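Here is a sequence together with a model predicted from it:
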Amino acid sequence: MTKVILFTKKLDRSLGLLSPILFVALGPLSLILSLYYFVISLENKTNYMNKKELFQVLKFLVSIFPAIILISIISKLILPEYAEQYQVVELKKNFDDEIKRSAYIIIIIAPILEETIFRGFFYRALKLYFPWFISAIFSSLLFSLIHQNILAFSMLFTLSIFLTFIYEMHGKIIYPIITHSAFNVVMLTFIYLGR
């Protein structure tokens, strides 16, 4: 099952382990790490897409999505005193203006950045020291914590485990990016409908 190629260069291993810290510290400048990741991937020829694999991934997303939504609903019922993420609140207040300003970030930039950082770098670096499932749990915990919202934590953790599984299954970061993007589009649709 393990198709994710491990880092061989010391620089890549170090960047991988430090990538979540760099992500927080650099903010939007961490796109440089994403670009570097794609350069590494080109050397390994691991970014090409396959229609059959893409269909498999999207089918898997459709099958797992109800569980992610159910986890979100349960979190809201169990933790009613906690607020939604700031971005979600802002979108609900003024969807039309906010979506014009941030749609490309939510649908394109965030999935590329978060997937290359948390799966492409951090998860791959962890796999050098731990089995894939332990690495998936740890990188998913960090991914969920980075979003700084207790109410969304369990949903984001589940999504992250799923995205890591897709990455591990196919060894290509493009599939978690597409899946993450599709997830964000569906969530934006729910936010729009729930205003």
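Arrived safely, thanks for sending.

State the phi and psi torsions of Pro80.
Dihedral pair for Pro80: phi -70, psi -20, per degrees, to the nearest 10.

other SSEs contacting the strand or helix carrying Leu35?
Element membership for Leu35, per DSSP states H and E: helix 31-44. Under the contact criterion of 3 or more CB pairs under 8 Å, 6 or more residues apart in numbering; DSSP states H and E, helix 31-44 touches helix 10-26, helix 110-115. In short, each C-beta sits where N, CA and C put it, glycine included.

let's see it at 10 Å
helix 10-26, helix 110-115, helix 174-193 (3 or more CB pairs under 10 Å, 6 or more residues apart in numbering; DSSP states H and E).

measure the residue of the chain most remote from its centre to Ile150 for me?
Residue farthest from the centre of the chain, counting by CA atoms, centre = their mean, is Glu81 at 26.1 Å. With distances taken as CB to CB, to the nearest Å, Glu81 is found 10 Å from Ile150.

how far does the least confident helix or strand in the chain by mean pLDDT sit from the chain's center?
When each helix and strand of the chain is scored by mean pLDDT, DSSP states H and E, helix 86-93 comes last, with a mean of 78. Its chain's average C-alpha position is 20 Å from that of helix 86-93, according to CA atoms, centre = their mean, to the nearest Å.

tilt between that helix and helix 174-193?
40 degrees (axes from the mean of the first three to the mean of the last three CA atoms, to 10 degrees).

So which elements touch helix 86-93?
helix 95-104, helix 174-193.

Would you mark the buried spots in that helix?
Buried residues in helix 86-93, counted by 16 or more other CB atoms under 10 Å: 87-88, 91.

For Ser102, list the residues it contacts.
By CB atoms under 10 Å, 6 or more residues apart in numbering, the contact set of Ser102 is 87, 90-91, 109-110, 188.

Can you give me the pLDDT of it?
pLDDT, Ser102: 86.

and the gap between it and Asn184?
Using CB to CB, we find Ser102 at a distance of 11 Å from Asn184.

Then Phe165?
For Phe165 relative to Asn184 (CB to CB), the value is 18 Å.
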